[in-house]
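Q: could you work out the structure for the sequence below:
(one chain, ligands or ions: 1)
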Amino acid sequence: MGIQDANTGGNVHGGTIMKMCDEVAGVAAVRHSGCRVVTAAMDRMTFNHPVFVGQLVTVNATVNAAWRTSMEVGVRVESEDVRSGEITHTSTAYLTMVALDEQGQPTDVPAIEPDTEDERRRQREAQLRRDNRLRERDEIRRSRDE
Ligand SMILES: CC(C)(COP(=O)(O)OP(=O)(O)OC[C@H]1O[C@@H](n2cnc3c(N)ncnc32)[C@H](O)[C@@H]1OP(=O)(O)O)[C@@H](O)C(=O)NCCC(=O)NCCS
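A: Residues are numbered from 1 along each chain as shown. Below you'll find the model as predicted:
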C-alpha cells in the first residue's frame, strides 16, 4: 500500500480496503455467473487490525452461495509485512452481487454445488445471513407502515 492510500498517520483508509473488496468480489461473481454484475449490498465488513503503508495486501473472494439472481461473495483481506513475512487477517466482508443481462435486468445465475465440508458450511452461513438480512428489512418496512 502506498501513501496515497493512507492518512497522515500511515493507516490505510477503510474505504480503500472496501474498494478492493468490491472489485475482487465482482471478479469472483463474474467468474461464477458469466455475466456482468453489480453490487447490491456490502455488509458485515470488519476491520480487525490496521493496515499500514508499505504492507502488501491480498484480497481473496469466494462465491459462498447463489440464489436466483444474486450471490453472496465472502472476502478475506490479509496484510503482509514483506520483510518479516508475517501475515495478519485484517478484514472480512460479505457482499451481495446481482447478475445482469444485456438489458441491465437481474438474470438467473448457476447454483452452487458444494463438494467439501468447508463449502457446505459457507453456503449454510450465507443462507443464514440472507435470511437475517431479509427478515430485518421486512421488519423495518412493517414498523414504518404501522
Ligand atoms: C441490485 C439491483 C439490480 C436489484 O434490482 P431490483 O429491482 O431490486 O431487482 P430484484 O427485486 O429482482 O432483486 C434482484 C436480486 O437482488 C437482491 N437484492 C436487491 N436489493 C438487495 C439488497 N439491498 N441487499 C441484498 N440483496 C438485494 C434480491 O434479493 C434479488 O436476489 P435473488 O434474485 O437472488 O432472490 C438494483 O437495486 C440496482 O441496480 N442497484 C444499484 C447497483 C449499483 O449501482 N451498485 C454499485 C455499482 S456496481
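Q: avg pLDDT for the host helix or strand of Val37?
A: Secondary structure assignment for Val37, by DSSP states H and E: strand 36-43. Here strand 36-43 scores 94 as its mean pLDDT.
Q: stretch 80-88 now?
A: 97.
Q: start to end distance for that stretch?
A: Taking Cα to Cα, to the nearest Å, stretch 80-88 runs 6 Å from one end to the other.
Q: not counting residues beside it along the chain, what's closest to Thr92?
A: Thr46 (5.2 Å; Cβ to Cβ, 6 or more residues apart in numbering). Yep, even glycine has a C-beta here, placed from its N, CA and C like the rest.
Q: hmm, back to that, what residues sit buried inside the strand holding Val37?
A: Going by neighbour count (16 or more other Cβ atoms under 10 Å), the buried part of strand 36-43 is 37, 39, 42.
Q: OK, contacts around the residue nearest to Thr92?
A: For Thr46, the contacting residues are 91-93, by Cβ atoms under 8 Å, 6 or more residues apart in numbering.
Q: which of those sits closest to the ligand?
A: Nearest to the ligand out of the contacts of Thr46 is Ala93 (Cβ to the nearest ligand atom; 13.7 Å).
Q: now the closest one: which helix or strand?
A: Using DSSP H and E, Ala93 maps to strand 86-100.
Q: buried sites along that strand?
A: So for strand 86-100, counting by 16+ other Cβ under 10 Å, buried means 90-91, 93-100.
Q: residues near the closest residue in space to Met97 that isn't next to it in sequence, how many?
A: Of all residues not flanking Met97 in the chain, Ala29 sits nearest, at 3.7 Å (Cβ to Cβ, 6+ apart). Neighbour count for Ala29, taken as other Cβ atoms under 10 Å: 27.
Q: same check, this time on Ala66
A: Neighbours of Ala66 (other Cβ under 10 Å): 23.
Q: now it: how far from Thr116?
A: Between Ala66 and Thr116 the computed distance is 17 Å (Cβ to Cβ, to the nearest Å).
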